[in-house]
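*Asks:* Here is my input; please provide its structure:
(chains A, B, C and D)
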There are 2 protein chains.
Amino acid sequence: MASAAIPNSKKPGRPRDPRTEKAILKAANHLVTRTGLAEMTIEGVAERAGVGKASIYRRWPSKGALAFDAVLDAILATQPTPDTGSLEGDLVDTARNWVALARLPGGRTVAGFIAEIQSDPDLAAVWRQHFVSRIRQERRPIIERAIARGEIPARSDPELIMDLLYGPLYHRYLNGHLPLNDAFARSVGRMVAAAAASGAAAPAAA
Amino acid sequence: MASAAIPNSKKPGRPRDPRTEKAILKAANHLVTRTGLAEMTIEGVAERAGVGKASIYRRWPSKGALAFDAVLDAILATQPTPDTGSLEGDLVDTARNWVALARLPGGRTVAGFIAEIQSDPDLAAVWRQHFVSRIRQERRPIIERAIARGEIPARSDPELIMDLLYGPLYHRYLNGHLPLNDAFARSVGRMVAAAAASGAAAPAAA
DNA sequence: TCAATTACGGACGGATCGTCTCGTTATTCC
DNA sequence: GGAATAACGAGACGATCCGTCCGTAATTGA
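*Replies:* Next comes the predicted model:
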């Protein structure tokens, strides 16, 4: 009954060197955070990592997929789910954390991914599943606690509230038409909390 | 005192053929709306228009600038400023119009520009000035009328309200994590109207 | 008439893509 | 031990597209 649970290499041929993968990811992380995803090239990563291009293509199907693996964990680590005791407090903190990430060195990294997924459907699917949906799943307790506290109606749509919160932040982040700062984050959190408290996020009773 | 008001060619050298410019714009419009901005190439436009690449670079500094000129008027023409008599009605109509544009054939055109400006600062400046700011300017009466009707506080921030409205629409449009449909447009308009009516878009009194 | 100037279409060198080949190395199966 | 297999770094390769340069054509002004 020995199934595929054993990580022992049982396939013939030379096994992949784990250091190769680490070197590629490290080089990709450096280039994508320093120069941006658009400027990062597979050839550049290969040169910096001291590997052949084939060793990259053997592991990742595209530049975007590699860059995603190279930076995802670090980005997610900066975005905890707050628990302040009120809906407005949680929404404001969430928004402020996001703005703080965007203003960090390398803060344009997410913008590079949004740009990339507009013309790479495969990467878009990975992005939605492992980034957008994952963060939203982690933020669900904010809404659930607000409902439990009686701050908002029980039927309030969590996805709608999340879109209302993150949407304006991404909007300024991607368009750059107005400052993306702490004051804006607070305003957005306050607005969304007010809208949700008014019951507008629940199906219309009329 | 004859100033530069006369269109007569008075500069030396061969004058530009006006048909060349029209042919380029027509070819660019076709390619950007059919295949997307990322897939459009200057070489492709030149071939389709039957002109040399230099004739394109002589007129536009980049692919994005050309595409922008080729499609801007058509896009703006689909986005009128509604006047329904209520803030919620105006916001809902604005959102619905935008969603309708996004769902049209060629509806990914704007996504291509958002992607492009993430790595083209010059195009980003043009985009902000001639698209984002222009649309916002045209929507100002929505807020002003709502203030005049007493629906929202006089100090309400129009930019904040616009970001709250457009942000969530763009968010679903660019990420594709959830459907961008008429129901969503209505919900967003209703939420933003509720938030603004609550006074959350005005500077905190506390 | 002719020098100066600018537009024209097409040719050109350069960057990067993704694939492929080379000679070598590490591992499995018999 | 030896054949088969697959990963390794290096880089050649054809393809695509970039942005500029080149020779020619059209126009102005002296």
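
*Asks:* what residues does chain A put near DNA strand D?
*Replies:* The interface of chain A toward DNA strand D, taken as C-beta under 7 Å from any atom of the strand, is made up of A:11-17, A:20-21, A:23, A:50-55, A:58. (Each C-beta comes from the backbone N, C-alpha and C, glycine too.)

*Asks:* Using neighbour counts, trim these to the buried set.
*Replies:* Using 16 or more other C-beta atoms under 10 Å in any protein chain shown as the burial test, the residues of chain A next to DNA strand D include A:20, A:21, A:23, A:51, A:55 as buried.

*Asks:* I'd like to know which of these are part of helices.
*Replies:* Mapping those onto helices (DSSP state H) picks out A:20, A:21, A:23, A:55.

*Asks:* and the third one, how far is that from residue A:41?
*Replies:* Think residue A:23. Distance check for residue A:23 against residue A:41: by C-beta to C-beta, to the nearest Å, it reads 16 Å.

*Asks:* In JSON lines, list the ones in helices among the buried ones among the residues of chain A next to DNA strand D along with pLDDT and distance to chain B.
*Replies:* JSON lines is the format used below for those (pLDDT from 0 to 100; distance: C-beta to the nearest C-beta, whole Å):
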{"residue": "A:20", "pLDDT": "97", "distance to chain B": "29"}
{"residue": "A:21", "pLDDT": "97", "distance to chain B": "27"}
{"residue": "A:23", "pLDDT": "98", "distance to chain B": "26"}
{"residue": "A:55", "pLDDT": "98", "distance to chain B": "27"}
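
*Asks:* Quick one: residues contacting residue A:110.
*Replies:* Residue A:110 makes contacts with A:75, A:101, A:102, A:173, as judged by C-beta atoms under 8 Å, 6 or more residues apart in numbering or on different chains.

*Asks:* got a pLDDT number for it?
*Replies:* According to the prediction, residue A:110 has pLDDT 98.

*Asks:* Is it part of a helix or strand, or is it coil?
*Replies:* Following DSSP: H, G, I helix; E, B strand; the rest coil, residue A:110 is assigned to helix.

*Asks:* For stretch A:65-84, list every residue counted as buried.
*Replies:* Here stretch A:65-84 shows A:65, A:66, A:67, A:68, A:69, A:70, A:71, A:72, A:75, A:82 as buried, counting by 16+ other C-beta under 10 Å.

*Asks:* same question for it, mean pLDDT?
*Replies:* Averaging pLDDT along stretch A:65-84 yields 98.

*Asks:* so how far is it off the chain centroid?
*Replies:* Here stretch A:65-84 is found 6 Å from its chain centre; the criterion is C-alpha atoms, centre = their mean, to the nearest Å.

*Asks:* So what touches that stretch?
*Replies:* Contacts to stretch A:65-84, defined as C-beta under 8 Å, 6+ apart, come from residues A:24-26, A:28-29, A:32-33, A:37, A:40, A:42, A:45, A:56, A:59-60, A:89-90, A:93-94, A:97-98, A:100-101, A:104, A:109-110, A:112-113, A:122-123, A:126-127, A:130-131, A:134-135, A:138-139, A:141-142, A:145.
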